[in-house]
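In: need coordinates for the following:
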Amino acid sequence: MLKNQTMVTEFLLLGFLLGPRIQMLLFGLFSLFYVFTLLGNGAILGLISLDSRLRTPMYFFLSYLAIVDITYACNTVPQMLMNLLHPAKPISFAGCMTQTFLFLSFAHTECLLLVLMSYDRYVAICHPLRYSVIMTWRVCITLAITSWMCGSLLALVHVSLILRLPFCGPHEINHFFCEILSVLRLACADTWLNQVVIFAACVFILVGPLCLMLVSYSHMLAAILRIQFGEGHRKTFSTCSSHLCMMGLFFGSAIILYMAPKSRHPEEQQKVLFLVYSFFNPMLNPLIYSLRNVEVKGALRRALCKESHS
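Out: You can find the predicted model right below:
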């Protein structure tokens, strides 16, 4: 009898509990944002791969961020759009666990990648003469692979702990994708171990990296203040401000959601926070990190001129 109760074949994703007209409006709006996400990050990848002037460690990390953002969005947004057209869309148990694993892997990887990008800017600003010695291509590739491996292994731990839990019903996930906290609410067993691991992972993947980034930016700010006012001063402040904006948007929403998993925020408000964390962030990254950059704008102009001449 217990075996039959724990054999789950599918979940129902409730999505946004709104009226049909509002859901159709959101479908059109989110579809447009999804296209912008793919086009923006795809354009960054294309420019960096085609323009030899952008083949530096800084743009290597930006291209890696674009890849993570594309896969990040492709993992959750199509399912969300389907739910807006067909509410309470079922998803298989295996598909749900796969989506949870991929979401956590990309989220962890992006957290670590943002730290690597801040470290790259720290070396460029505070140790410019040693930059080429410290940030070699071997170091950059090793750091990128390490961030991906750490993110995937940590996600695998979370999913393994979920698979040991029984699910006795109802099998309705009040979310637009298989988010880990929403899945854990359906378990008919004690999830204290899962909650402890989630909190410990947040300390490692959110609080730790955030502290490292704040330390690096404090050193960068001190170095910037020693630079004479001028174009270099303005450009450096622009680079640091863009990083700080995404730090607040990405880490802030993630800490609110995961550092207090039993908060009293209504589930609909949590869905809005997840939109910022998992949907708008990949769309805004190309605008804040890359398309505001002078070198990227120059590469875009050169690519458009070359295309017009051809």
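In: okay, the nearest residue to residue 103 once chain neighbours are set aside: pLDDT?
Out: Spatial nearest neighbour of residue 103, chain neighbours left out: residue 75 (5.7 Å); criterion: CB to CB, 6 or more residues apart in numbering. From N, CA and C alone the C-beta is placed, and that goes for glycine too. At residue 75, the predicted lDDT confidence score is 90.
In: wasn't residue 75 part of a helix?
Out: Yes - checked against DSSP: H, G, I helix; E, B strand; the rest coil, residue 75 lies within a helix.
In: now do the contacts for it.
Out: When contacts are counted by CB atoms under 8 Å, 6 or more residues apart in numbering, residue 75 is found next to 99, 102-103, 106, 177.
In: so the residue nearest to the spatial centre of the chain is in which element?
Out: With the centre of the chain defined as its mean C-alpha position, the nearest residue by CA atoms, centre = their mean is residue 107, 4.5 Å away. Assigned by DSSP states H and E, residue 107 falls within helix 93-126.
In: pLDDT score for residue 302?
Out: With respect to pLDDT, residue 302 has a value of 73.
In: without its sequence neighbours, what residue ends up closest to it?
Out: Closest residue to residue 302 apart from its sequence neighbours, by CB to CB, 6+ apart: residue 51 at 6.8 Å.
In: can you tell me how far that neighbour is from residue 297?
Out: Computed as CB to CB, to the nearest Å, the residue 51 to residue 297 distance reads 11 Å.
In: more neighbours: those two, which one.
Out: Relative neighbour count places residue 51 above the other of residue 51 and residue 297, with 17 against 13, counting by other CB atoms under 10 Å.
In: so that one versus residue 104, what's the distance?
Out: Note on residue 51: its distance to residue 104, by CB to CB, is 33 Å.
In: quick one: neighbours of the nearest residue to residue 184 once chain neighbours are set aside, just the number.
Out: Taking CB to CB, 6+ apart, and ignoring the residues beside it in sequence, residue 184 has residue 191 as its nearest neighbour in space, at 4.9 Å. If you count neighbours by other CB under 10 Å, residue 191 ends up with 20.
In: go on, residue 189?
Out: Counted with other CB under 10 Å, residue 189 comes out at 14.
In: show me where pLDDT drops low in this structure?
Out: Where the chain drops to pLDDT under 70, the residues are 1-7, 227-239, 242, 260-267, 290-294, 303-304, 306-310.
In: so where do the helices sit in it?
Out: Secondary structure of the chain (DSSP state H): helices located at 2-6, 20-50, 57-85, 93-126, 131-134, 137-163, 180-184, 192-202, 208-225, 231-258, 267-275, 281-285, 294-309.
In: just the buried positions in the third one, please.
Out: Within helix 57-85, the residues that qualify as buried by neighbour count (16 or more other CB atoms under 10 Å) are 57-70, 72-77, 79-84.
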